[in-house]
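Engineer: Coordinates only, no sequence provided:
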């Protein structure tokens, strides 16, 4: 992972982690676009958020639309956690 500084945004359940990512769906289409994912990874402390957004799409996008839909959130969450992005949400 190198010397990346990641913020810890608290999430105690998978549902809270999904809610963290869902808040970046600014146009409300039920999918996270590349730019929406970039904003999410910036909030998580990525110094160059375009790269984790790209890797997330490559890893979690199952249908090739270059967005992360509701059914693909599990893959996005797995990528984020495995990459050291810890999301912790206050109750």
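Structural biologist: Arrived safely. Here the structure is a predicted model, which means the values were calculated and not measured.
Engineer: For residue 38, see how far away residue 81 is.
Structural biologist: Using C-beta to C-beta, to the nearest Å, we find residue 81 at a distance of 19 Å from residue 38. The C-beta positions use only the backbone N, C-alpha and C, and glycine is treated the same way.
Engineer: what's the answer for residue 26, then?
Structural biologist: Using C-beta to C-beta, residue 26 is found at 12 Å from residue 38.
Engineer: The two: which has the busier surroundings?
Structural biologist: Using other C-beta atoms under 10 Å as the criterion, residue 26 and residue 38 rank with residue 38 on top: 21 against 11.
Engineer: ok, the residue lying closest to residue 65 once chain neighbours are set aside - contacts?
Structural biologist: In this structure, residue 65 finds its nearest non-sequential neighbour in residue 31, 7.4 Å apart by C-beta to C-beta, 6 or more residues apart in numbering. Applying C-beta atoms under 8 Å, 6 or more residues apart in numbering to residue 31 gives the contacts 25, 65, 67-70.
Engineer: List the ones among the residues you listed that fall in strands.
Structural biologist: Among the contacts of residue 31, the members found in strands (DSSP state E) are 68-69.
Engineer: Among the contacts of residue 31, name the buried ones.
Structural biologist: The neighbour count (16 or more other C-beta atoms under 10 Å) marks 25, 67-69 as buried among the contacts of residue 31.
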